[in-house]
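Chemist: Here is my input, please return the structure:
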Amino acid sequence: MNVFGDKRKRIFVLFFAGIVLPSLLLGYLAFRGVKNDQALAEKNRLDGQRRSAESVVRTIEAVILPIEQDFRKLIAAGSAEDSDVVLRSLEAFRSAHGFIEDVFVFQANGRIRFPAAKLLYLPALLLPPSPSDPWPVALAGRMAVAQRSEFEQKNYRDALERYRALFEAGAEPFVKGALLNAMARVQKKSGSADEAMKTYAAIARDYGDVLITGGMPLGLASRLELGALQASSGNIPSAAETYLELFQRLLQGGWPIEQALYENTVETLKNSLNGIFMKAPSDSDVQSVKSTFLALENQERERRKSTERLTSFLAGAAEAIKARTPGIQGPSSLASRWTLDLEKNSFLVSLSPADAVPSGEAGERWGILFDPDLIRDALLRPALANAFSAEETAWAVRGQDGRVLAISDKAPSGMPSYRTGFVDNFPRWSLELYSLNPRFLQTLLASRQRVFFFMFLLIAGILGFGLILAVRAVSHELELARMKSDFVSTVSHEFKSPLTSIRQLAEMLQAGRVPSEDRRRQYYDVLVEQSERLSLLIENILSLAKIEDGRKRFEFKPVEIGALLRETVAPISDRVRHDGFTIEMETEGGPHVIIADGPALAQAVTNLVDNAVKYSGDARRVILRSSVRGPDLVVSVRDFGQGIPRDEQAKVFDRFYRGGDPLTRSVKGSGLGLTLVKEIIDAHRGKVLIESEPGRGSTFSIVLPLSRTGALNHGKDPDHRR
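Modeler: The predicted model follows:
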């Protein structure tokens, strides 16, 4: 046993030294290669993200820088032109470059103005001063008398005559406009609506830009009054036209007015027009007016957003620009660039150098406001979408306060793999890139790291599986070699014992040293018994060898099982009778004929009976019984010996197997008898069952089909082989 144990250890050592250790070394080197490949892939990925991010940054700069260059040329050329030409050039320039929100002038006095912008309203500090007491002294007394006639005496005819006389005597536009407004008011009060409408129309035509006390433009006030008179007189189309004209004039930035006056006027216009729509006799009369009004409303909402932003810039940017001027120079020293955050608005400011001044006005700086929303949505988003794959990279654009301004379709998570800003920090945003986890199949096909990893797992699995197979094969072969060695030893002893007995008895008989005839007869019986034992052993070995080699031929013929059992048991009973054994045979029912190979079946029964005799121990009794159970014939052999443990019952049919019990191993035998029984019964399409309990004996049962048809199917070919 130690020899086989040493062989097993030696085989395992060679397996580990020749296969496992080199495989582990190769696996380690492959793992190092995977890690290096991973680091290289990560570096390449980060380099690719960096290059793509720089490309996006250059895309923004490639749009902004040419606009700044063109703007500098424009304002430099405008120094030789008059203001109207410069204004038209600025308007054309702003329209030609969609990313410009507006252009502005930072004046020497620290104020900001938009030369080309048409704001809906202005901050109070930028409004022109309204007249406090503009009346000439020569007309002031006469004006007071006319106002007493209107407001105190309610003498509208006298008041109208006095206002008309003053109008003829006045010369200044403010005086004439104010007097016409007073005349129209008196005409309205006196019920002369037609005359009042004519007067308001004249005011709107000739004195619309005149501001009266409180900063109200006469053109705005006169149109409101005119529209109201037209509506009240039933002239709906004219009233609607007047209101729409006033709405359009407001949207064009027709007058410098404050926000409160603008809001009140727009509210009045909307209420008046909605009232006209309700009073209209039919939808067809006002359908076109409604369409125009809705278009103006949409336009007003957009213009309001722009005006709110620009007035916020007018109110708060001057101090910021004054503090930053002359500022950090941009590329090519064309402009100073900043991102100004004022209240809730963020502005992209590009201020031209001081030497680029139109009209030769010293101290002025001209600048551009770039539209951050348009740059973000129309320029930055498409550039990011083209630069990065949506399946591999997510991105986010953040403002200087960390607020997300734009984000990719797939929301980023975790820490950014790369972060960068824009040229000159303009805009003052940060671009963050995030690496996405790719899909499993994509990773498996595209990532060499994953391919190497799965190959490593596959190799490790193959090695583990091979190790298991090798251990099983080696253990099996060693165990088989051990059993064969035991078999050779046992068979040699089995051959030697009967041969020795036969030789000794034959020599004694030959030499005439047997004293009596009874003793000679007894010696003859022993010679026959030992010869039969030797023949059975040889027959078992040869039969099993033929079956395993496929050379065994079974001849299936009708066999009467009772006669077969009697013929088989008779010689065994005679052989073991002198040892005190009794073999009892029980047959249930009448004769039973089956289709079988008689000699092979007799050999199987002989082995079972011989096995029962060997392991009966002190119980000298064996029962051989044949019975019918349903469609099957059952031949059972029962002994009352030591029995077989449950965990060994499935192994007793293996070749060379001998139980682990010392009593079992002390019994002579080759370990092939039960193996041969199972092979023969399997060839008969039957089965061998075992019932055993240690200390109470064992019962081996042969179960064969009684069906003649089923049996004959095996007997059609006289050379049928297993």
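
Chemist: Show me the shaky parts of the stretch 351-500 of the chain.
Modeler: 354-363, 437-456, 463, 466-467, 469-471, 473-497 (pLDDT under 70).

Chemist: That one: helices as residue ranges?
Modeler: Under the criterion DSSP state H, counting those that start in this stretch, helices of the stretch 351-500 of the chain are mapped to 372-374, 381-387, 440-446, 448-511.

Chemist: Phi, psi for residue 62 please.
Modeler: Backbone torsions for residue 62, taken as degrees, to the nearest 10, come to phi -70, psi -20.

Chemist: Now do stretch 512-527, average pLDDT.
Modeler: Model confidence over stretch 512-527 averages 72 on the pLDDT scale.

Chemist: can you list the weak-confidence ranges in the stretch 551-700 of the chain?
Modeler: Using pLDDT under 70 as the threshold, the predicted model of the stretch 551-700 of the chain has low-confidence ranges 551, 655-671.

Chemist: Mind jotting down where the helices sit in it?
Modeler: 561-577, 598-614, 662-665, 673-683.

Chemist: Give the buried residues for stretch 213-224.
Modeler: By neighbour count with 16 or more other Cβ atoms under 10 Å, stretch 213-224 contains the buried residues 215, 216, 217, 218, 219, 220, 221, 222, 223, 224. Every residue, glycine included, has its C-beta placed from N, CA and C.

Chemist: and if you look at stretch 161-170?
Modeler: Going by neighbour count (16+ other Cβ under 10 Å), the buried part of stretch 161-170 is 162, 163, 164, 166, 167, 170.

Chemist: and if you look at stretch 51-62?
Modeler: For stretch 51-62, the buried set under the neighbour-count rule, 16+ other Cβ under 10 Å, comprises 52, 53, 56, 57, 59, 60, 61.

Chemist: What sits closest to residue 227 if chain neighbours are left out?
Modeler: Counting by Cβ to Cβ, 6 or more residues apart in numbering, residue 242 is the residue found nearest to residue 227 once chain neighbours are left out, at 4.0 Å.

Chemist: And the one you found, what's its pLDDT?
Modeler: Per-residue pLDDT puts residue 242 at 94.

Chemist: What residues sit buried inside the helix or strand containing it?
Modeler: Secondary-structure element containing residue 242, defined by DSSP states H and E: helix 236-251. Applying a neighbour-count criterion of 16+ other Cβ under 10 Å, one finds 236, 238, 239, 240, 242, 243, 244, 246, 247, 249, 250, 251 buried in helix 236-251.

Chemist: what does stretch 294-304 give?
Modeler: Of all the residues in stretch 294-304, those buried under the rule 16+ other Cβ under 10 Å are 296, 300, 303, 304.

Chemist: Against residue 287, how distant is the first one?
Modeler: When distances are taken as Cβ to Cβ, to the nearest Å, residue 296 and residue 287 turn out to be 15 Å apart.

Chemist: likewise residue 342?
Modeler: When Cβ to Cβ is applied, the distance between residue 342 and residue 287 equals 43 Å.

Chemist: neighbour count winner among those two?
Modeler: The residue with more neighbours, out of residue 342 and residue 287, is residue 342; 15 against 12, by other Cβ atoms under 10 Å.

Chemist: correct me, but that one touches residue 317?
Modeler: Yes: counting by Cβ atoms under 8 Å, residue 342 sits close enough to residue 317 to count as a contact (6.3 Å).

Chemist: Return the member of the buried residues of stretch 51-62 nearest to residue 14.
Modeler: When these are compared for distance to residue 14 (Cβ to Cβ), residue 52 wins out at 55.7 Å.

Chemist: Go ahead and confirm residue 127 touches residue 259.
Modeler: No: with contact defined as Cβ under 8 Å, residue 127 does not count as touching residue 259 (10.2 Å).

Chemist: Check the buried residues of stretch 161-170 against residue 19 and report the nearest one.
Modeler: residue 170 (118.1 Å).

Chemist: what sits against that closest one?
Modeler: Residues in contact with residue 170 (Cβ atoms under 8 Å, 6 or more residues apart in numbering) are 136, 139, 176, 179.

Chemist: Redo the residues you listed as TSV? Include secondary structure and distance to residue 188.
Modeler: TSV is the format used below for these (DSSP: H, G, I helix; E, B strand; the rest coil; distance: Cβ to Cβ, whole Å):
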residue	secondary structure	distance to residue 188
136	coil	26
139	helix	23
176	helix	19
179	helix	15
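
Chemist: and which of the residues you listed is nearest residue 472?
Modeler: For the contacts of residue 170, with residue 472 as the reference and Cβ to Cβ as the criterion, the closest is residue 176, at 119.6 Å.

Chemist: Would you tell me what helix or strand residue 121 is located in?
Modeler: Going by DSSP H and E, residue 121 is not in any helix or strand.

Chemist: And it, how close does it get to residue 297?
Modeler: Residue 121 is 17 Å from residue 297, where distance means Cβ to Cβ.

Chemist: quick one on the thing from earlier: name the surrounding residues that touch the helix holding residue 242.
Modeler: Taking contacts as Cβ under 8 Å, 6+ apart, the residues outside helix 236-251 that touch it are 120, 219-220, 223-224, 226-228, 230-231, 255, 262, 265-266, 269, 272-273, 276, 279-280, 285-286, 289, 292-293, 296, 299-300, 303.

Chemist: Kindly recompute the last result at 7 Å.
Modeler: Here helix 236-251 makes contact (Cβ atoms under 7 Å, 6 or more residues apart in numbering) with 120, 220, 223-224, 226-227, 230-231, 262, 265-266, 269, 272-273, 276, 279-280, 286, 289, 292-293, 296, 299-300, 303.
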